[in-house]
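[1] could you work out the structure for the sequence below:
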Amino acid sequence: MLIGILQCGHFPDELQAESGDYGALYQSFLDGQGFDFAVYPVVDGVFPEGPEACDGWLISGSKFGAYEDLPWIPPLEDLIRAIRDSGRPLVGICFGHQIIAQALGGKVEKWPGGWNVGPQTYHFAEGDAELTAWHQDQVTQVPPGARVLASSDHCANAALAYGDRIYSIQPHPEFNAREIAGLIRTRGGALPDNLKAEATAKMHTPLANRAEADKIAAHFRKVHA
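    Predicted coordinates for the structure are as follows:
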């Protein structure tokens with residue numbers, strides 16, 4: 001099964017020697033699931049010919065806002081709707097979660113409560129899961145027909161499903177302690193000191209990344225079958 005990664009940003013240059021760019025991060029996250037991958041850096045204007053180019057799609061995180069006036073945002077929203085209409089499975093993570101919601105009729109805004117950074121507890125129907133957050137923007141209005149699958153104390157719409165073919169989550173299950181430490185070091189200037197200290201103190205909290213990878217892989221396989 002070929003998974004197309006729609007890369008909406010670049011991981012900081014200083015961190016790529018260890019973690020790789022976003023395309024590599026998601027391939028590592030889904031390593032061992034039996035998938036092949038194709039990376040399309042849509043942030044640089046590189047798009048697939050259409051939904052049929054891959055069997056399933058994953059939209060990455062980004063430092064940009066879904067609501068920003070950027071030339072690659074409208075064609076990405078068009079592609080999201082085309083993927084939906086094609087019936088192919090789609091997964092969005094962080095920015096991907098937000099841009100899917102925006103493309104399908106929801107709203108994304110900066111959360112008045114500020115940043116969410118580091119391990120957070122997310123409440124799913126099947127139980128709580130610790131996953132890593134790095135965001136200020138959130139889905140504040142859920143698109144028509146979408147179902148809320150998870151929330152946290154600081155994020156009401158932390159996971160969404162659209163029918164049985166689209167699944168998206170706000171946290172970063174591809175991030176471990178190394179990535180959060182690096183982001184605090186390279187992009188933490190906008191964060192309050194107390195938030196950085198709290199995230200650093202919780203950095204080595206056991207995470208549910210592997211369970212989330214298994215869930216996403218199962219989603220791809222179920223829809224593709």
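[2] which residues of this structure score low on pLDDT?
    By pLDDT under 70, the low-scoring segments of the chain are 225.
[3] centroid-nearest residue for it?
    Nearest residue to the geometric centre of the chain (C-alpha atoms, centre = their mean): residue 93, 1.1 Å.
[4] what are the bridge partners for it, then?
    Here residue 93 sits in beta bridges with residue 169, as judged by DSSP bridges.
[5] any idea how far residue 177 is from residue 26?
    Counting by C-beta to C-beta, to the nearest Å, the gap from residue 177 to residue 26 is 18 Å. The C-beta positions use only the backbone N, C-alpha and C, and glycine is treated the same way.
[6] which of these two has more residues huddled nearby?
    Applying other C-beta atoms under 10 Å to residue 177 and residue 26 shows that residue 26 carries more neighbours, namely 27 against 16.
[7] next, the buried residues of the helix or strand harbouring that one.
    Taking DSSP states H and E as the criterion, the element that holds residue 26 is helix 22-29. Under the neighbour-count criterion of 16 or more other C-beta atoms under 10 Å, helix 22-29 has 22-27, 29 buried.
[8] what residues are up against residue 40?
    Counting by C-beta atoms under 8 Å, 6 or more residues apart in numbering, residue 40 touches 4-7, 46-48.
[9] longest helix of the chain?
    Determined from DSSP state H, the single longest helix within the chain is helix 209-224.
[10] and for residue 63, the neighbour number?
    Residues near residue 63, counting by other C-beta under 10 Å, number 14.
[11] may I see the PyMOL selection of the buried members of the contacts of residue 40?
    Selection of buried members from these for PyMOL, criterion 16+ other C-beta under 10 Å:
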select buried, resi 4+5+6+7+47+48
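[12] which of the contacts of residue 40 sits closest to residue 198?
    residue 7 (29.6 Å; C-beta to C-beta).
[13] for the chain, just list every one of the helices.
    So, for the chain - with DSSP H - the helices run 16-19, 22-29, 73-86, 95-103, 177-187, 193-201, 209-224.
[14] who does residue 148 bridge with?
    residue 160.
[15] so it touches residue 155, yeah?
    No. Here residue 148 lies out of contact with residue 155, judged by C-beta atoms under 8 Å, at a distance of 10.5 Å.
[16] so who does residue 107 touch?
    With C-beta under 8 Å, 6+ apart, residue 107 has these contacts: 101, 139-141.
[17] pull out the buried residues from stretch 90-108.
    For stretch 90-108, the neighbour count (16+ other C-beta under 10 Å) marks 90-104, 106, 108 as buried.
[18] let me fix that: stretch 203-221
    Result for stretch 203-221 [16+ other C-beta under 10 Å]: buried residues 203, 207-209, 212-213, 215-217, 219-221.
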